[in-house]
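Q: coords please:
(chains A and B)
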There are 2 protein chains.
Amino acid sequence: MSRRRRNAARESKLPPPEDGEPRLSRASVGRFSLYLRHLQQFAREGLPTVSSGQLGLALGKTDVQVRKDLAYLGHLGQAGVGYQVQPLISALRHTLGIDREWKVAVAGVGNLARALLRYRGFGAQGFRIVALFDADAAKVGQSVDGLAVHAPADMTQVIADSGAELGIITVPSEAAQGVAEALAAAGIHGLMNFAPVVLRLPAHVSVINVDLAIQLEQLAFLVHLAASER
Amino acid sequence: MSRRRRNAARESKLPPPEDGEPRLSRASVGRFSLYLRHLQQFAREGLPTVSSGQLGLALGKTDVQVRKDLAYLGHLGQAGVGYQVQPLISALRHTLGIDREWKVAVAGVGNLARALLRYRGFGAQGFRIVALFDADAAKVGQSVDGLAVHAPADMTQVIADSGAELGIITVPSEAAQGVAEALAAAGIHGLMNFAPVVLRLPAHVSVINVDLAIQLEQLAFLVHLAASER
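A: Below is the predicted model:
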């Protein structure tokens, strides 16, 4: 299997095919994040327990599907009582690997990076942006929301010092591949890529692509489809 | 089926279950966008034709899967020749409903909105931001990248005048539901929501949620899984 093929496989199914049957599909991991969001909402509202029916209603699923999904986490539900909210939150965070802080480096300090720095959702889930990089000499040395902007040449040192494990790429498309390689070489294990290009990276580097134009295309398609059905 | 359930169904599968068998899954529509990206890259490189094998290599799929996906578009491939790049691009754009311009309104003029205004990927795919709204009186009347910021009270008029059909929500979580309802009431048919909340809207309004913390959670999970396998 080529590196390119394996990277793509890595992105669409977990673990990669050569490791045998997937234990968890990407889709079910995505659902765990959604369960977590709704449970955190229930916790804020002061609910100690929640039924599979309530969770199903919130997520647009049947209670059977909810029980099946959550069975993966162990025997946490009790007939007639439901799930205790806080232990279920803890189990989901543990399974997702976010029962600890993840430090994040951002490459490309433009409006998107500034928006991400102020995005409260990251901090709430344990993600902390600890390092900024930009190739623009005019930006290097500046401080953005209390964080210094570093030159790409200092990446290895800054990432080692900061403890960043994840990287977010917000540079223009033409720079993305080079920046991704530099981040990987500097010790970053996972990349969230906003540039609308397909990155080619060693198999040990995980990549999540967030192509906003693709998301908007999906939305246009939904609206187009709804209009053609009227 | 409750409104809530139907909205959720609408988001996960197309068309909604009550309309019978889905013709296209959300996943295959997502793949069409990816095919389109790669074909546009091939076109920029001057390739007149492309084989299912080349497309498969680019997307990490087998040539059989590629031919199966693209068969939905009609008989566009030729044995021994492959697909003509430009006609295939046209067919994909037509199927996705993006063979025309879509006008977009953005509610919430912060760093994310500024980033989206300058995001070249939108214009390249036919999306044009034509209206901005913000509840902050200090921002109303200002011009951002040549576009005036309007007050929410003027939403219906501004959206009618601008021809916007899609909306992007970049307001804080606590304001998102109200803003979504206002946009829908003002005639917007589809919403791209960046606020990490589940919107409750009439079934005729399509919603795509872009929860960046969930994307980062997925990435953390991939890295966590890879580390636990080492």
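Q: does A:Thr62 really touch A:Gly56, like I thought?
A: Yes - counting by C-beta atoms under 8 Å, A:Gly56 is a contact partner of A:Thr62 at 5.5 Å. Every C-beta, even on glycine, is put in place using the N, C-alpha and C of the backbone.
Q: In terms of neighbours, single out the busier of those two.
A: A:Gly56 (19 against 14; other C-beta atoms under 10 Å in any protein chain shown).
Q: what about that one, which SS state?
A: Of the three states, A:Gly56 takes helix under DSSP: H, G, I helix; E, B strand; the rest coil.
Q: pretty sure it contacts A:Gln65?
A: Yes - with contact defined as C-beta under 8 Å, A:Gly56 reaches A:Gln65; the gap is 6.8 Å.
Q: Which helix or strand contains A:Phe221?
A: helix A:212-229 (DSSP states H and E).
Q: average pLDDT across that helix?
A: Taken as a whole, helix A:212-229 carries a mean pLDDT of 89.
Q: Alpha carbons of that helix, as PDB, please.
A: The C-alpha coordinates for helix A:212-229 follow below in PDB (Å, rounded to 0.1, in the frame of the first residue of the first chain):
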ATOM      1  CA  LEU A 212     -14.600  25.200   4.500                       C
ATOM      2  CA  ALA A 213     -15.500  25.500   0.800                       C
ATOM      3  CA  ILE A 214     -16.400  21.800   0.800                       C
ATOM      4  CA  GLN A 215     -18.600  22.400   3.800                       C
ATOM      5  CA  LEU A 216     -20.300  25.200   2.000                       C
ATOM      6  CA  GLU A 217     -20.700  23.100  -1.100                       C
ATOM      7  CA  GLN A 218     -22.400  20.400   1.000                       C
ATOM      8  CA  LEU A 219     -24.800  23.100   2.300                       C
ATOM      9  CA  ALA A 220     -25.500  24.400  -1.300                       C
ATOM     10  CA  PHE A 221     -26.200  20.900  -2.300                       C
ATOM     11  CA  LEU A 222     -28.700  20.400   0.500                       C
ATOM     12  CA  VAL A 223     -30.500  23.600  -0.400                       C
ATOM     13  CA  HIS A 224     -30.400  22.800  -4.100                       C
ATOM     14  CA  LEU A 225     -31.900  19.300  -3.400                       C
ATOM     15  CA  ALA A 226     -34.600  20.800  -1.200                       C
ATOM     16  CA  ALA A 227     -35.500  23.300  -3.900                       C
ATOM     17  CA  SER A 228     -35.700  20.600  -6.600                       C
ATOM     18  CA  GLU A 229     -38.000  18.600  -4.400                       C
END
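Q: From the contact counts, what lies against that helix?
A: For helix A:212-229, the elements it packs on are helix B:26-44, helix B:85-96, strand B:102-107, helix B:120-124, strand B:127-133, strand B:166-169, strand B:190-193, strand B:206-209, judged by 3 or more C-beta pairs under 8 Å, 6 or more residues apart in numbering or on different chains; DSSP states H and E.
Q: Of the ones you listed, which is nearest B:His150?
A: strand B:127-133 (5.2 Å; C-beta to C-beta).
Q: The closest one vs helix A:212-229, what angle?
A: Angle of strand B:127-133 versus helix A:212-229, following axes from the mean of the first three to the mean of the last three C-alpha atoms, to 10 degrees, is 90 degrees.
Q: if we look at strand B:127-133, which residues are touching it?
A: For strand B:127-133, contacts defined as C-beta atoms under 8 Å, 6 or more residues apart in numbering or on different chains pick out A:213, A:216, A:220, B:101-109, B:113, B:116-117, B:122, B:144, B:147-152, B:155, B:158-159, B:162-164, B:166, B:168, B:179.
Q: Among these, name the buried ones.
A: A:213, A:216, A:220, B:102-109, B:113, B:116-117, B:122, B:144, B:147, B:149-150, B:152, B:155, B:158-159, B:162, B:164, B:166, B:168, B:179 (16 or more other C-beta atoms under 10 Å in any protein chain shown).
Q: Which residue ranges make up the domains of chain A?
A: Following automatic domain parsing, one finds the domains of chain A at A:26-96, A:102-215.
Q: First-to-last residue distance for the longest one?
A: For domain A:102-215, the first-to-last residue distance is 26 Å (C-alpha to C-alpha, to the nearest Å).
Q: From the chain's centroid, how far away is that domain?
A: Centroid displacement of domain A:102-215 relative to its chain, using C-alpha atoms, centre = their mean, to the nearest Å, is 13 Å.
Q: Low-confidence stretches in chain A?
A: A:1-27 (pLDDT under 70).
Q: 50 instead, please
A: Filtered on pLDDT under 50, chain A yields the residue ranges A:1-22.
Q: Okay, A:His189 and chain B: tell me how far apart.
A: 5 Å (C-beta to the nearest C-beta, to the nearest Å).
Q: Go ahead and confirm that residue touches B:Ala227.
A: Yes - if you go by C-beta under 8 Å, A:His189 and B:Ala227 touch, sitting 7.4 Å apart.
Q: Compare these two (neighbour count), which wins?
A: For A:His189 versus B:Ala227, the count of surrounding residues by other C-beta under 10 Å is larger for A:His189: 20 against 13.
Q: Excluding chain neighbours, what is closest to the more buried one?
A: Of all residues not flanking A:His189 in the chain, B:Val223 sits nearest, at 4.6 Å (C-beta to C-beta, 6 or more residues apart in numbering or on different chains).
Q: distance of the one you found from A:Arg37?
A: Remark: distance between B:Val223 and A:Arg37 (C-beta to C-beta, to the nearest Å) = 20 Å.
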